[in-house]
Structures are given as structure tokens and as C-alpha cells.
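In: Here is a sequence with its predicted model. Questions after.
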Amino acid sequence: MTQDDDKRAAAEAAVAEVQPDMLVGLGTGSTVRFAIEALGRRVADGLRVTAVATSLDSAARAAALGIVVRDFAEVARVDLTIDGADEVDDRLWAIKGAGGAMLREKIVAAASTRMVVIADASKRVTAIGGVKLPVEVLPFARGYVTDRLAMLDATVTVRDGVTDNCNIVLDARFAAFPDAPALAGALDATPGVLGHGLFLDQVDATYVADRGIVTRLERVEVSG
Ligand SMILES: O=C[C@H](O)[C@H](O)[C@H](O)COP(=O)(O)O
């Protein structure tokens, strides 16, 4: 049983949630590729769905498999989004964006009635914060945002290349990971930061595969 087998198992479990006539959000990354393949097979078998994609890569892969991909700019609501993560914990907090797609991913997640994360067991952690946090930044604001991140005790590396949105990504490594909601709030309030990889409210469920066994974890809403 390889890591790819687990990615595929988690992806197939999530794709089983897709119902006829849904508008499906497609995340980005190596795990999502298995979901796109699984959805492509269901479409080839006659399932009628449309999709929106969080990256040019996912859009191209889906279209190549015969999945109708709509322009997200024309869309307000998505039924179900399936996406990967770099880390996810049992609070359903995730860090995303190793592939640089976190800004579009967060927008599509926000538009989604339900968003599920698929992962192999290497992504499941006790508490998020062990990987670099990607921050998408307007190139004009690179120096200012780098300084703000340094003031939050992060060591910053500028990633090569640009995102699908033609912005840059700063990868922030924290010696001690800060309180995640406070960090998300600080980043959201920083001019020039267009998005970041902290997903604290977006994930409704995870499918994590460990040596072929897929476990689904659902967000529990606390009322009152
Ligand atoms: O920007 C990339 C996305 O957030 C991915 O969903 C995330 O990095 C996980 O990717 P992978 O499944 O390749 O580990």
C-alpha cells in the first residue's frame, strides 16, 4: 500500500459524495488529481455534473477527462468542493497552499455548501503548524508584508514564480506556531496580503486514508 494508494482511496471516498447535477469545486494538488480522475470516470459512466476549478492545472485535467468546467467568475454557489491539504488536525483546521493555489481555494471553499479535504495519513497532525505557511501577496507589497511577517516571528522565503493570479507567495516558517485564529486575523488585516493557507472555518469534513483504511471526520457544530 503506497502513499498514492492512500491518496486515491481518500479521493474516491469523497467523490462518492457527488450527486447528479451538482456543481463540484475541484481543489488542487497531487491528491486532488486522483479525485479528478475518479470524477472523470463517473462522468464517463453517465453522471451529469459541472465543475469549477481552483487552478489552471485542475481545470485542464478535468476538461481533458470530459468534465464540464465552468468559469468561476460566473458562479456564486458551489455544492461540494473536494480539496487537499498540507496538514489537517482533528479540529478540521488545515494548512494549504504548498502548490500556491490557496487564494482561489479559499474563495471556492467560501462559496461551497460543503467542503471536504482528502489526504493520506502523512497530512494528519495533532495540531497544525509544522509546515511553512504560504501567504499570497501583491508583488507591490512584498517588502512591507515580509517585514510584517518578521514582526510575527516568521522566517520568510520568497517562492520562485507567480501564482495563477500573477502574485507572489511568501512562505512563512514560525519557530513556535502562533495562535492560529489570531494569526489568521492578523494576516487578513494586513494590506497587500491577498490570501493565506490557514483554513480554520472552511473544512466541513476530512477523508484521511491510512494503509487503505479511510476515516471520515465531520465538523461538529456546537450550538448555543
Ligand atoms: O496549493 C495547493 C493546495 O492547497 C493543495 O491542496 C495542497 O498543497 C495539498 O497538495 P497535495 O495533495 O499535492 O499534497
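Out: In hand now; what should we look at?
In: pretty sure Leu170 is touching Thr163, no?
Out: No - between Leu170 and Thr163 there is no contact under Cβ atoms under 8 Å: 11.4 Å. Where you see a C-beta, it was placed from the backbone N, CA and C, and this is true even at glycine.
In: a strand runs through Ser58, doesn't it?
Out: No - according to DSSP: H, G, I helix; E, B strand; the rest coil, Ser58 belongs to no strand; its state is helix.
In: Tell me how far it lies from the ligand.
Out: Separation of Ser58 from the ligand (Cβ to the nearest ligand atom, to the nearest Å): 9 Å.
In: what's the burial count for that residue?
Out: Neighbourhood size, Ser58 [other Cβ atoms under 10 Å]: 28.
In: check contacts around the residue nearest to it when sequence neighbours are not counted.
Out: Using Cβ to Cβ, 6 or more residues apart in numbering and skipping residues adjacent in sequence, the residue nearest Ser58 is Leu26, 4.6 Å away. Contacts for Leu26 were tallied using Cβ atoms under 8 Å, 6 or more residues apart in numbering; they are 32, 35-36, 39, 51-54, 58-59, 62, 69, 81-83.
In: Return the distance of the closest residue to Val68 other than its chain neighbours relative to Ala184.
Out: Excluding the flanking residues, the one nearest Val68 by Cβ to Cβ, 6+ apart is Thr50, at 4.7 Å. Using Cβ to Cβ, to the nearest Å, Thr50 is found at 31 Å from Ala184.
In: next one: Val208
Out: For Val208, the distance to Ala184 - Cβ to Cβ - is 23 Å.
In: more crowded one of these two?
Out: Legend: neighbour count by other Cβ under 10 Å for Val208 and Ala184, higher for Val208 (24 against 19).
In: what sits opposite that one in the beta ladder?
Out: On the basis of DSSP bridges, Val208 is bridged to Ala119, Thr215.
In: so where do the helices sit in the protein?
Out: Along the chain, the segments classed as helices by DSSP state H run 3-15, 30-44, 56-64, 102-110, 142-151, 180-188.
In: want to try a markdown table for those, with mean pLDDT and distance to Ala127 as columns?
Out: Below are those laid out as a markdown table (pLDDT from 0 to 100; distance: least, Cβ to Cβ, whole Å):
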| stretch | mean pLDDT | distance to Ala127 |
| --- | --- | --- |
| helix 3-15 | 98 | 21 |
| helix 30-44 | 98 | 21 |
| helix 56-64 | 98 | 29 |
| helix 102-110 | 98 | 19 |
| helix 142-151 | 98 | 20 |
| helix 180-188 | 98 | 9 |
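In: Kind regards, and thank you for your time.
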